[in-house]
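need coordinates for the following:
(chains A and B)
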Amino acid sequence: MKAPRLTDTTLRDGSHAMRHQFTREQVKNVAQALDKAGVPVLEVTHGDGLAGSSIQYGFSLTDEMDLIEEARNAVTNARIAALLLPGIGTRKELKEAVSRGIQVVRIATQCTEADISQQHFGMAKEMGLEAVGFLMMSHMRPPEFLAEQALLMESYGADCVYIVDSAGALLPDGASSRVRALKEALKIQVGFHAHNNLGLGVGNTLAAVEAGADQVDGTLRGLGAGAGNTATELIVAALDRLGYEHEWDVFALLDAAEFVVAPFMPFQPIPDRDSIAIGYAGVYSTFLLHAKRLGKQYNVDPVEILVELGRRKTMAGQEDWILDVTLELAKQKNKG
Amino acid sequence: MSAPTNNKVKVAILGSGNIGSDLMFKILRAPGHMELALLTGIEPQSEGLARARTLGINASHDGIQPILDDPEIKIVFDATSAQAHVRHAKMLRDAGRIAIDLTPAARGPYVIPPVNLGAHMDEQNVNLITCGGQATIPLVYAVSRVVPVPYAEMISTVASLSAGPGTRQNIDEFTFTTARGLEVIGGARQGKAIIILNPADPPILMRNTIYILLESDDVDRKAIVDSVEEMVKAVQAYVPGYRLKNEPVFEVRDTPEGKRTLIALLLEVTGAGDFLPSYAGNLDIMTASARQVGELFAQKILGQENKL
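Next comes the predicted model:
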């Protein structure tokens, strides 16, 4: 059996855990190591996609366009991808990213709002890019609903649509039923992107592959939002042991995780108290560091903040509501 | 068609969709110095046109033509699409009518009623930017009239149900236009706009967060807060559901230029529920602003400019 195509997003999802402070040197070293180990696609962008550098999400230390170029120059075989969230990034940044070296764009919408991506898929196809759709916060809707949204992206020209478990809230059964629904409905490929908030990054990814996922994501050391992502080195080791045919160098990826990425990581993302609360409450994984910071500042338990954000059904990118909820909880506390 | 009265200016609405219908209800509820003479669309089966007729308003599906045919109509609200407005703008200009543009076409200058409308009362065509722009630009201006604002960012979160096909197919234009408005009218050296759709059921009220970075810590916070509060009142005069959820928050944040003072303003807009549901504050603020701009033009035509 052929292994799924692997996209490593250490240099995009990992940007959250890095508080968007990646340097050119780090990006060069990671891109080189992944390329040498046979990973075919590397995603390089601000954590919240093109133009994500902001007060809302955190400013980038280095312009993402410079990081894209750095990665492109560091690789021989791998293709460079960028993430774009319509409503944050626009066709203007997409055009610049293409001029700096991306060959793949991943276009992400809330799993209910696929129809805001038509312009961007149109432009991506016009520019000859491979275009991948991302249905974020996929745990919030059932499989049949997601299949309808994925069909919209297919009609706009997507080459693949991903079930994205942005909250790390899915259980293996939920991951496989969603992937299966898309496989049945679509002519194009289907992918799966996991977060490890409930400790199920590898488990859910394997369930997705068994359900027919053609593409999966990973990050070295799991460096990513919340409790991080499926670790690239873990998923390749597991798929290798399961007998999937692949072209990855498993030991080179172990080295890349251990000797290239681990030394610069500010912390190892793990399913700790706050991250489990994210998966349990079903909120966007990137809320983690914002909730920790504001919780400390206003003396409110981050778990309380995250659970309340879940109750309010916040979606991907709504970081400003963390301040709102924290202020309300702090007020209530002072009254009580 | 009713005869022109002495103290009213005849106006027409072009576009019989949700926005046009909500604006119709707003003008009927508070006509001020306007008389709504006509609502036109292009779809004979339009519910909006049928609704207008049951309310005793002349309605036509012949688009702009019946408006051009009635020289008494002095002010035209365009609630169609950017593409259509480009065409309408020229025809209305040639016919000597004032166009109030609710589309992102931007053929005329951007206006925010309490900020810069006074400077554009001689224009033939004014543009209302975006819903998020109408909500957030006044408050950025309220800060920039007190201290220099190098950077302002707005995040608009709206209920999925309140974002129509126009917004969905042109979401990039929302960010470009709003960011530009933060700069040109808000007075920020650099503006940034983000829009997020939230599908929660029951639908969420329109929410906007405004982040403003200041150049130095040495600012008169009270003067800033007073200016913001004064502006909130000025907007409430025509958008009653406009309110700050919290007093302005001052924080220190890391930015590419080092540590900077940040002001965060958390804003909520509840719609008046004239026609559209009250959660759709984003649509309400557009139609309420349009009505306000129309009223001020009507007063000017009647020689009552002193009310500005």
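
what packs against the helix or strand containing B:A234?
Here B:A234, judged by DSSP states H and E, is contained in helix B:221-236. Contact analysis of helix B:221-236 by 3 or more CB pairs under 8 Å, 6 or more residues apart in numbering or on different chains; DSSP states H and E lists helix B:113-116, helix B:131-144, strand B:242-244 as its packing neighbours. Where C-beta positions appear, they are placed from N, C-alpha and C, glycine not excepted.

could you check the angle the longest one makes with helix B:221-236?
Pointing back at helix B:131-144 there. Here helix B:131-144 runs at an angle of 150 degrees relative to helix B:221-236 (axes from the mean of the first three to the mean of the last three CA atoms, to 10 degrees).

so which elements touch the helix or strand just after helix B:131-144?
Next helix or strand after helix B:131-144 toward the C-terminus (DSSP H and E): strand B:149-159. On a contact count with 3+ CB pairs under 8 Å, 6+ apart, strand B:149-159 meets helix A:320-335, helix B:131-144, helix B:171-184, strand B:188-198, strand B:206-213.

just checking, next helix/strand downstream of strand B:149-159?
Immediately after strand B:149-159, counting by DSSP H and E, sits helix B:165-169.

which residue sits farthest out from the middle of chain B?
B:G258 (35.3 Å; CA atoms, centre = their mean).

now A:G89: closest residue in space that isn't a chain neighbour?
A:L50 (3.4 Å; CB to CB, 6 or more residues apart in numbering or on different chains).

and that neighbour, that one's in a helix?
No: going by DSSP: H, G, I helix; E, B strand; the rest coil, the assignment for A:L50 is coil, not a helix.

neighbours of it, just the number please.
25 (other CB atoms under 10 Å in any protein chain shown).

for the stretch 1-150 of chain A, just list every one of the helices.
Assigned by DSSP state H, counting those that start in this stretch, the stretch 1-150 of chain A shows helices spanning A:14-17, A:24-36, A:64-74, A:91-99, A:118-126, A:143-156.

turn those helices into CSV, including mean pLDDT.
CSV is the format used below for the helices of the stretch 1-150 of chain A (pLDDT from 0 to 100):
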stretch, mean pLDDT
helix A:14-17, 98
helix A:24-36, 98
helix A:64-74, 98
helix A:91-99, 97
helix A:118-126, 97
helix A:143-156, 98
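
up against chain B, what does the stretch 51-200 of chain A have?
Neighbours of chain B within the stretch 51-200 of chain A, by CB under 8 Å from any CB of the partner chain: A:54-56, A:59-61, A:86-88, A:90-92, A:110, A:112-113, A:115-116, A:118-120.

restricted to buried residues, select those in PyMOL.
Provided next is the PyMOL selection string for whichever of those are buried by 16 or more other CB atoms under 10 Å in any protein chain shown:
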select buried, chain A and resi 54+55+56+59+60+61+86+87+88+90+91+110+112+113+115+116+118+119+120
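
how about the helix holding B:A234 as PDB, C-alpha atoms only?
Only the C-alpha atoms of helix B:221-236 are listed here, as PDB (Å, rounded to 0.1, in the frame of the first residue of the first chain):
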ATOM      1  CA  ARG B 221      -5.300  58.400  28.700                       C
ATOM      2  CA  LYS B 222      -8.300  60.400  30.000                       C
ATOM      3  CA  ALA B 223      -8.400  62.600  26.900                       C
ATOM      4  CA  ILE B 224      -8.300  59.500  24.700                       C
ATOM      5  CA  VAL B 225     -11.100  57.800  26.700                       C
ATOM      6  CA  ASP B 226     -13.200  61.000  26.700                       C
ATOM      7  CA  SER B 227     -12.800  61.400  22.900                       C
ATOM      8  CA  VAL B 228     -13.800  57.700  22.300                       C
ATOM      9  CA  GLU B 229     -16.800  58.000  24.500                       C
ATOM     10  CA  GLU B 230     -17.900  61.200  22.800                       C
ATOM     11  CA  MET B 231     -17.600  59.400  19.400                       C
ATOM     12  CA  VAL B 232     -19.600  56.400  20.700                       C
ATOM     13  CA  LYS B 233     -22.400  58.800  21.500                       C
ATOM     14  CA  ALA B 234     -22.200  60.500  18.100                       C
ATOM     15  CA  VAL B 235     -22.600  57.200  16.400                       C
ATOM     16  CA  GLN B 236     -25.400  56.100  18.700                       C
END
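
list the buried residues of stretch A:160-170.
Buried, per 16+ other CB under 10 Å, within stretch A:160-170: A:C160, A:V161, A:Y162, A:I163, A:V164, A:D165, A:S166, A:A167, A:G168, A:A169, A:L170.

check contacts around the fourth one.
So the one you mean is A:I163. A:L135, A:S138, A:L146, A:A175, A:R178, A:V179, A:L182, A:V190, A:G191, A:F192, A:H193, A:A208 (CB atoms under 8 Å, 6 or more residues apart in numbering or on different chains).

skipping adjacent residues, who's closest to the fourth one in space?
The one in question is A:A175. Nearest to A:A175 is A:N204, by CB to CB, 6+ apart, at 4.1 Å.

distance of the one you found from A:H139?
10 Å (CB to CB, to the nearest Å).

higher neighbour count, those two?
Legend: neighbour count by other CB under 10 Å for A:N204 and A:H139, higher for A:N204 (29 against 20).

which SSE is that one in?
A:N204 belongs to helix A:201-210 when elements are defined using DSSP H and E.

and the lowest-mean-pLDDT helix or strand in chain B, how far from the chain's centre?
Sorting the helices and strands of chain B by mean pLDDT, DSSP states H and E puts helix B:165-169 at the bottom, at a mean of 85. Averaging C-alpha positions (CA atoms, centre = their mean, to the nearest Å) puts helix B:165-169 17 Å from its chain's average.
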